[in-house]
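In: fold the following, please.
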Amino acid sequence: MKYYIVAGERSGDLHGGNLVRSLRKYDPHAELRGFGGEEMQQAGVKLSVHYRELAFMGFISLATSLFKIFKFISFCKKDILDFKPDAIILIDYGGFNLKIAMFAKSRGIPVLYYIPPKVWAWYQSRAWKLKANVDRMFVILPFEKDFYKKYDFQVDYVGNPVLDATKTFQLNTDFISKHGISLEKKLVALLPGSRKIELKLIVPLMAEIADANKDVQFVVAAVSNLPEDLYQDLKGKSNVKFVEGETYDLLSHAHAAIVTSGTATLETALFNVPQVVVYKTNALEYLIASSLVKVQFISLVNLIAGKEVIRELIQTNATKELLQAELFKLLQDQAHVSTVKAEYKKLYEVLNTGSASENTARLITEHLTLK
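Out: Residues are numbered from 1 along each chain as shown. Prediction:
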């Protein structure tokens, strides 16, 4: 069969690559084309557009990039018509992919959505659009299945691809020696995220914590495609080191972590590392987001658990004093750490439903075969 697949971000490319590899087990002669990156390309997708050309993040960035976005939407529609796929596979990237879903549905092309947008968090009425334009949807968070039931939309919970990635991870035994990391000190991982607007506010806060804890070894999980000056406040400190592309190796050795909200909070939990979440953005972005968000928590760990497992320090609460107090608990309060790790174990059991990409690939081919 011919599949047109659309992933507009780095994480979507990773999950898309794994999905395509699984899909080929069920459909060895599959022909694939679409939007993505190196992971999907290596899995056999012919790229029409690389996701780095679609890097619009944040409300303000989106508002100033609308013309470019609409240009890519138009190109995608034309590319789909030229390719004549048997099905469209969409991965995350909500605003863009909802437009593509509506277009494909109007043309009678089956629409399959893997990792749909987080409509449960904000602008929940988009659930009606998803139901109207998506033939089969595969969700990766267990509570999403119940959320869509409120819209009389039966979706498939397939497990979580982040768990797949952590299960297949192979530790680099030379990691500690390669980076000259001291085993005499407690190791704290710093995961400031990948958004420029957030790093500008979070990195200085992390630098203050590093200065206040000279007896702790801090290691920053840096992103290679971001400007180095975003990390400037953390550079040149004797107790701070940097790694790139080795986040899982870092988490495998960390005693605690300071993490910006996002997928990294779930990854940190799956590596059993006690953590505190910090999140800051500019005042306008925060005002817009806080008026729209409909959930109590921002970290996936707390959202899946349905309660506060890890502390979230957001915007005005993301202060040196509160962060220092929480880090002390993570490094010194064994009773607190034991409680967090017990909740992590429950989280793992909830997510451990087999390979998400394997489950999704099987359901996709079954669905299309029965059409």
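In: from here on, contacts and neighbour counts on C-alpha atoms
Out: Will do.
In: and the chain, what are its domains?
Out: 2-159+353-370, 175-351 (automatic domain parsing).
In: how long is the first one end to end?
Out: Terminal residues of domain 2-159+353-370 lie 16 Å apart, using C-alpha to C-alpha, to the nearest Å.
In: below-threshold pLDDT in the stretch 251-371 of the chain: ranges please.
Out: Across the stretch 251-371 of the chain, residues meeting the criterion (pLDDT under 70) sit at 286, 288-295, 371.
In: mind jotting down where the helices sit in it?
Out: Counting by DSSP state H, counting those that start in this stretch, the stretch 251-371 of the chain has helices at residues 263-270, 283-292, 300-305, 320-332, 334-351, 356-370.
In: and if you look at the stretch 51-200 of the chain?
Out: 59-63, 66-83, 94-106, 126-133, 142-149, 161-168, 175-178, 196-212.
In: grab the nearest non-local neighbour of Phe143.
Out: Counting by C-alpha to C-alpha, 6 or more residues apart in numbering, Phe143 lies nearest to Ile304, which is 6.9 Å off, once chain neighbours are set aside.
In: what about the one you found, how many neighbours?
Out: Neighbour count for Ile304, taken as other C-alpha atoms under 10 Å: 19.
In: re the thing from before, among the helices of the stretch 251-371 of the chain, which comes closest to Lys78?
Out: Proximity to Lys78 (C-alpha to C-alpha) singles out helix 356-370 among the helices of the stretch 251-371 of the chain, at 23.0 Å.
In: returning to that earlier point: mind putting the domains of the chain in a markdown table, distance to Thr168 included?
Out: Below are those laid out as a markdown table (distance: least, C-alpha to C-alpha, whole Å):
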| stretch | distance to Thr168 |
| --- | --- |
| domain 2-159+353-370 | 10 |
| domain 175-351 | 11 |
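In: I'd like to know which of those is closest to Thr166.
Out: Nearest to Thr166 among the domains of the chain is domain 175-351; the distance by C-alpha to C-alpha comes to 7.2 Å.
In: how far does the closest one stretch from start to finish?
Out: Domain 175-351 end-to-end distance (C-alpha to C-alpha) = 28 Å.
In: 29 is where my numbering starts, stick with that
Out: New numbering, starting at 29: the last item is domain 203-379.
In: where's that domain relative to the chain centroid, distance-wise?
Out: 15 Å (C-alpha atoms, centre = their mean, to the nearest Å).
In: try stretch 142-157
Out: In terms of C-alpha atoms, centre = their mean, the centre of stretch 142-157 is found 16 Å from the chain centre.
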